[in-house]
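[1] A predicted structure for the sequence below; I have some questions about it.
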Amino acid sequence: MAYPDAVLRRGEHVLAHRRPHWRMLVVPALVPPVAAFLAAFLAALATAVPAEGTRTALRLALVLLAVIAVVWLAVLPLVRWRCTHLVVTDRRLLVREGVLTRESVDLAGSTITGVRTRRTALERALGAGTLVVSTVGTEEPWEFAGLGGVERLATMVEGVAAERGGLDREERTGDDDWGAWSAEDGPEDRDDDPDDPDDPDDPDDEEPADDPGPGRAGRVRRRRFRRTRAARTSR
């Protein structure tokens, strides 16, 4: 069974299945004709060598170098492109890459707290860009570069995160934690004995105000989700 059908859970549906943008294949597509031209040109220059055996050895070496260049710079990038997948389902974001050694990323929608895109001027002209996804429990966001239709993908991922409650996590972590004791507030700061007449903070020793306000609230704790560096995927 082909990827991603083999890893889908029961009832899970694929919303988008993408590979890196076609611009990743421009250089691999140019390598074979360039390598063939250079090999033929240098082989023609080798006719100036007087020894027949030397000319033959040079031509074989040129053919071998051309084949190695085509395999290394054209075939392998094409295979890596074919083996790189970014899949958006109605539950999570899946990324798989690698030829011999497979690397997989599985981001559940409930853990995604932020989605954004980054595009250079050239990428905007080509319709490509980088998808940046922030998740719970990681200090750095995930970056998936060289994606076509990245704005539409970002909208899909954000919709899945919103539906699964991931985007609400960031809002909840930023809520005021009323009534919580901070690390600076030790047990000695608490009013453990409200009936103690010598306690200066005893509310019974204070004169009642005409318009009493609300009681003292605990310190407010806020956490911000910050990201500095990003993990890269293969292109």
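    Structure received.
[2] how far does stretch 35-46 sit from the chain's center?
    44 Å (Cα atoms, centre = their mean, to the nearest Å).
[3] Number the residues from 55 up from this point.
    From this message on, residue numbering opens at 55, which makes the last subject stretch 89-100.
[4] Would you mind pulling the contact partners of that stretch?
    Counting contacts by Cβ atoms under 8 Å, 6 or more residues apart in numbering, the residues outside stretch 89-100 that touch it are 109, 112-113, 116-117, 119-120, 123-124. No exception for glycine: its C-beta is placed from N, CA and C like everyone else's.
[5] State the distance from residue 110 to residue 80.
    35 Å (Cβ to Cβ, to the nearest Å).
[6] partner residues bridging the residue positioned nearest the centre of the chain?
    Per Cα atoms, centre = their mean, the C-alpha nearest to the average position across the chain is that of residue 196, at 2.1 Å. For residue 196, the residues forming beta bridges with it (DSSP bridges) are residue 187, residue 285.
[7] got any ranges where this protein has weak pLDDT?
    Scanning the chain for pLDDT under 70 picks out 55, 224-289.
[8] Give me the contact list for stretch 164-180.
    For stretch 164-180, using Cβ under 8 Å, 6+ apart, the contacting residues are 75, 77, 147, 182-191, 195, 204-205, 208, 211-212, 214-215, 218-221, 223-224, 279.
[9] Just the residues you listed: which are in strands?
    Using DSSP state E, the subset of the contacts of stretch 164-180 located in strands is 147, 182-189.
[10] the helices in this structure, which residues?
    Under the criterion DSSP state H, the chain carries helices at the ranges 80-99, 106-124, 130-136, 175-180, 204-218, 220-227.
[11] Domain ranges for this structure, per the record?
    The record assigns the chain these domain ranges, following automatic domain parsing: 55-74+138-233+274-289, 75-137.
[12] Just name the most buried of the helices of the chain.
    The highest mean neighbour count among those belongs to helix 204-218 (a mean of 18), with neighbours defined as mean count of other Cβ atoms under 10 Å.
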